[in-house]
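Undergrad: Kindly return the folded structure for what I paste below:
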Amino acid sequence: MTEYGGRPGSQPWHPEDPLYGDQGWGGQQPGDPYYQQQPVQQPQYGGGHGGHHDPYQQAYGNDPYGTGAQQQYGGGWDTGTGQQAAMPYGAPPPADPYGGQAPDPYSTPEAYPPPQPPGQRRPEPAEAPEPEDESHHPFFDGPDDGDSAHDAYDDDPAESRREARDRRGRNKKRKGRNSVACLFVSLVLVGGVGYFGYFGYQFLQDQFGPAPDYTGSGTGESVTVEIPKNAYGNEIGSLLVKAGVVKSVDAFVAAQEHNEKGRSIQPGFYTLQKGMSAASAVEAMVNPKSRNVLIIPEGKRNAWVYEQIDKRLELPAGTTAKVAKEQAGKLGLPAWATGHPNVKDPLEGFLYPVDYPVAKGNKPEDVLRKMVARSNAEYAKMDLEGKAKSLGLKGPWELITVASLVQVEGKYKHDFDKVARVVYNRLQPDNVETVGRLEFDSTVNYLRGESTLDVGSVAEMRKIKDPYNTYGIKGLTPGPISNPGKEALESAMDPTPGPWFYFVSINEDKTVFSVTNEEHNRNVAEYQKERERAGQ
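TA: Down below sits the predicted model:
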């Protein structure tokens, strides 16, 4: 029964109903091999239904869509069957009731192709397989839960068991591959951690760990290293590393900073051993006995300096003195220090009293040249020319000569100032106390090459014929008699004002000054008593 007609129709509504089978239903079209012309009752376009009263006609008898709609869309209902009458697809479409000129695209056969008999239908195209999700590779997949769920409803238990065994095998293989992959990843991670850990440790060692260092006091192989002036810390360490003494600069700097005695490393030559620990090297270098350095005390004569150089260089005695005499003009003396007559040693006063690096293998002329250069540098800091003129001296040469006398005759800085004043007072031409003579025992000791307090009586000393004998000559000696230090030079340039013409050292700590000869004789008597008490 159809829901519209109220009585059985001649054909089913849907020809594909399996209850009817393939019986060449009325939907076949011309051109189809199974097509047969079927008699079709002509529809009543006026709205009639072949003797059957349609209730819808009564309800919508005056509806403009009652007949017009049937004509527009190709027909009405079949009055004989109660089915909608088929409209041939080849019929021209009805006119557009809205006056449009474009055909209705949904009224063409291409929009709604006619159905085909079941035997002639083409198989529907298979759906294209969905692309595989590459983000989930079977290599890393675990067991398929969907397969297990499907097994519970499988109709064939034996087939299900086989498939389950196959799936378990695949799962085991997958698990095995997963284990291998995890092991591989773990090894890579462990290797990476080890690699970066090692180099990280090395970096931390370099930054915060102890610096590389040798152990012990050395291998026994000696090497001489020269440490220049004003060299400290890293520079000294670099020189030692280059010579093979210490292993690293950082180790040496650390050892120097932890030097408990707080002694500094002086410039000079050092004989050290290769392969020394940094602490051993520092200890050896702060020990004066290990230094290959010549220390010239203030007031020492050149003769003493030459002897020390010969010993340091392991040369025959007299070698350096001979070089000094022969090459004096080539060692860097300033012009104002040359050309003076009766000078015993032109380098006297120009071997400035400081420390000098002197080691075996050096040449005497090289050592002397360094000393003269140091003297020139120190004298250049002072206005020797201007000071000499203000004091009535002929030039820097005489000023250094005065300083050399002050250095030998005095003992302390406060004595230097007064001794310098005595020198300048005695050099005055109207001096009635000494008549222009200095009368210093130190000058007699210099010409004799001695250093003693018992030089003899004044009468005996006046008999000595020598330009350096201040008991016999008036004025200054031809040149300096020692190498004065900074304090003696300063006193010679700025003496303390005073009327003194005499002085005598009672003991090591006491020097007395006097204006007259009578006062001076009393001081000399006290000096003699002091010597007797000392057993001299």
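
Undergrad: Any idea how many residues pack against E530?
TA: By other Cβ atoms under 10 Å, 14 other residues sit near E530. (C-beta placed from N, C-alpha, C; glycine too.)

Undergrad: how close does it get to V524?
TA: Look at E530 and V524: by Cβ to Cβ, to the nearest Å, they are 11 Å apart.

Undergrad: just K247 next, same as before
TA: K247 sits at a distance of 64 Å from V524 (criterion: Cβ to Cβ).

Undergrad: what do you get for T338?
TA: Counting by Cβ to Cβ, the gap from T338 to V524 is 40 Å.

Undergrad: Repeat that for T477.
TA: Where V524 is concerned, T477 sits at a distance of 23 Å (Cβ to Cβ).

Undergrad: Which residue of the two possesses the greater neighbour count?
TA: Neighbours were counted for T477 and for V524 using other Cβ under 10 Å; T477 has more, 27 against 14.

Undergrad: what sits against that one?
TA: Counting by Cβ atoms under 8 Å, 6 or more residues apart in numbering, T477 makes contact with T401, L405, T443, Y446, P467, Y468, T470.

Undergrad: Which of these fall within helices?
TA: T401, L405, T443, Y446 (DSSP state H).

Undergrad: Using neighbour counts, trim these to the buried set.
TA: Buried by 16 or more other Cβ atoms under 10 Å: T401, L405, T443, Y446, out of those.

Undergrad: pLDDT wise, what is the closest residue to the last one other than its chain neighbours at?
TA: So the one you mean is Y446. Residue nearest to Y446 in three dimensions, not counting chain neighbours: I481, with 4.2 Å by Cβ to Cβ, 6 or more residues apart in numbering. As predicted, I481 sits at a pLDDT of 98.

Undergrad: Closest to F503 out of the ones in helices among the contacts of T477?
TA: The closest of the ones in helices among the contacts of T477 to F503 turns out to be L405 (Cβ to Cβ; 12.1 Å).

Undergrad: Tell me how far that closest one lies from N259.
TA: Counting by Cβ to Cβ, the gap from L405 to N259 is 41 Å.

Undergrad: Same question for V354.
TA: In terms of Cβ to Cβ, V354 sits 23 Å off from N259.

Undergrad: Neighbour count for these two, which is higher?
TA: Neighbours per residue, other Cβ under 10 Å: of V354 and N259, the larger number sits with V354, 21 against 15.

Undergrad: tell me the contacts of V246?
TA: Counting by Cβ under 8 Å, 6+ apart, V246 touches D213, Y214, G237, L240, F252, M276, S277, A278, A281.

Undergrad: again, only this time at 10 Å
TA: 211-214, 218, 236-240, 252, 255, 272, 274-282 (Cβ atoms under 10 Å, 6 or more residues apart in numbering).

Undergrad: ok, now L453?
TA: Taking Cβ under 10 Å, 6+ apart, we find L453 in contact with D441, N445, S505, Y527, R531, Q536.

Undergrad: mind checking the backbone torsions on the fourth one?
TA: Comment: the main-chain dihedrals of Y527 come out as phi -60, psi -40, following degrees, to the nearest 10.

Undergrad: ok, it - how many residues close by?
TA: Using other Cβ under 10 Å, Y527 has 16 other residues around it.

Undergrad: In this structure it contacts R533, no?
TA: No - using Cβ atoms under 10 Å, Y527 is not in contact with R533, being 11.0 Å away.

Undergrad: For the two, list the residues in contact with both.
TA: Counting by Cβ under 10 Å, 6+ apart, the shared contacts of Y527 and R533 are N507.

Undergrad: what sits against the nearest residue to N425 once chain neighbours are set aside?
TA: Spatially, and ignoring its direct neighbours in sequence, N425 is nearest to F501 (5.5 Å; Cβ to Cβ, 6+ apart). With contact taken as Cβ under 10 Å, 6+ apart, F501 is in contact with 421-422, 425-426, 428, 431-434, 513-517, 519-520.

Undergrad: ok, back up a step: who are the neighbours in contact with the residue nearest to Y446?
TA: Counting by Cβ under 10 Å, 6+ apart, I481 touches 299, 301-302, 344-345, 348-349, 401, 404-405, 407-408, 440, 442-443, 445-447, 468, 470.

Undergrad: any idea which element it lies in?
TA: I481 is part of no helix or strand, with elements assigned from DSSP states H and E.

Undergrad: Now do the phi/psi pair for it.
TA: For I481, the backbone dihedrals are phi -110, psi 0 (criterion: degrees, to the nearest 10).

Undergrad: sorry, back to before: can you lay out the buried ones among the ones in helices among the contacts of T477 as a markdown table showing distance to L183 and pLDDT?
TA: As requested, those are arranged in a markdown table below (distance: Cβ to Cβ, whole Å; pLDDT from 0 to 100):
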| residue | distance to L183 | pLDDT |
| --- | --- | --- |
| T401 | 94 | 98 |
| L405 | 95 | 97 |
| T443 | 99 | 97 |
| Y446 | 95 | 97 |
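
Undergrad: Which parts of this structure are strands?
TA: Counting by DSSP state E, the chain has these strands, from start to end: 222-227, 268-273, 291-295, 355-357, 502-507, 510-514.

Undergrad: Need those in JSON lines (columns: distance to S451, mean pLDDT and mean neighbour count).
TA: Below are those laid out as JSON lines (distance: least, Cβ to Cβ, whole Å; pLDDT from 0 to 100; neighbours: other Cβ atoms under 10 Å):
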{"stretch": "strand 222-227", "distance to S451": "32", "mean pLDDT": "83", "mean neighbour count": "17"}
{"stretch": "strand 268-273", "distance to S451": "26", "mean pLDDT": "82", "mean neighbour count": "21"}
{"stretch": "strand 291-295", "distance to S451": "18", "mean pLDDT": "77", "mean neighbour count": "20"}
{"stretch": "strand 355-357", "distance to S451": "22", "mean pLDDT": "83", "mean neighbour count": "21"}
{"stretch": "strand 502-507", "distance to S451": "14", "mean pLDDT": "86", "mean neighbour count": "17"}
{"stretch": "strand 510-514", "distance to S451": "18", "mean pLDDT": "91", "mean neighbour count": "18"}
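
Undergrad: ok, N342 to N507 distance?
TA: Between N342 and N507 the computed distance is 35 Å (Cβ to Cβ).

Undergrad: Tell me where the model's unsure across the stretch 201-350 of the chain.
TA: Across the stretch 201-350 of the chain, the ranges flagged by pLDDT under 70 are 201-209, 260-262, 288-291.

Undergrad: ok, how many other residues are close to G535?
TA: 5.

Undergrad: ditto for G216
TA: So G216, with other Cβ under 10 Å, has 10 neighbours.

Undergrad: Equivalent analysis for K229, please.
TA: Counted by other Cβ under 10 Å, the residues lying close to K229 total 12.

Undergrad: begin at 175 from here
TA: Okay, using 175 as the starting number, the last item reads as K403.

Undergrad: That one contacts V467, doesn't it?
TA: No - K403 lies out of contact with V467 (Cβ under 10 Å); the separation is 11.0 Å.

Undergrad: any common contacting residues for these two?
TA: Listed as contacting both K403 and V467 by Cβ under 10 Å, 6+ apart are Q440, P441, G442, V528, D529, Y530, P531.

Undergrad: Now the second one. Nearest residue, chain neighbours left out?
TA: Spelled out, that is P441. Distances taken as Cβ to Cβ, 6+ apart place K403 nearest to P441, at 4.4 Å, with adjacent residues excluded.

Undergrad: got a list of what the one you found touches?
TA: Listed by Cβ under 10 Å, 6+ apart, the contact set of K403 reads Q440, P441, G442, V528, D529, Y530, P531, R548.

Undergrad: Kindly report the same for V528.
TA: Listed by Cβ under 10 Å, 6+ apart, the contact set of V528 reads 403, 440-441, 467-472, 545, 548-549, 552, 657, 659-660.

Undergrad: is it true that P490 touches E481?
TA: No - counting by Cβ under 10 Å, P490 does not reach E481; the two are 11.4 Å apart.

Undergrad: how deep is A708 tucked in, by neighbour count?
TA: Neighbour count of A708, defined by other Cβ under 10 Å: 8.

Undergrad: State the distance from it to Q447.
TA: Per Cβ to Cβ, A708 is found 47 Å from Q447.
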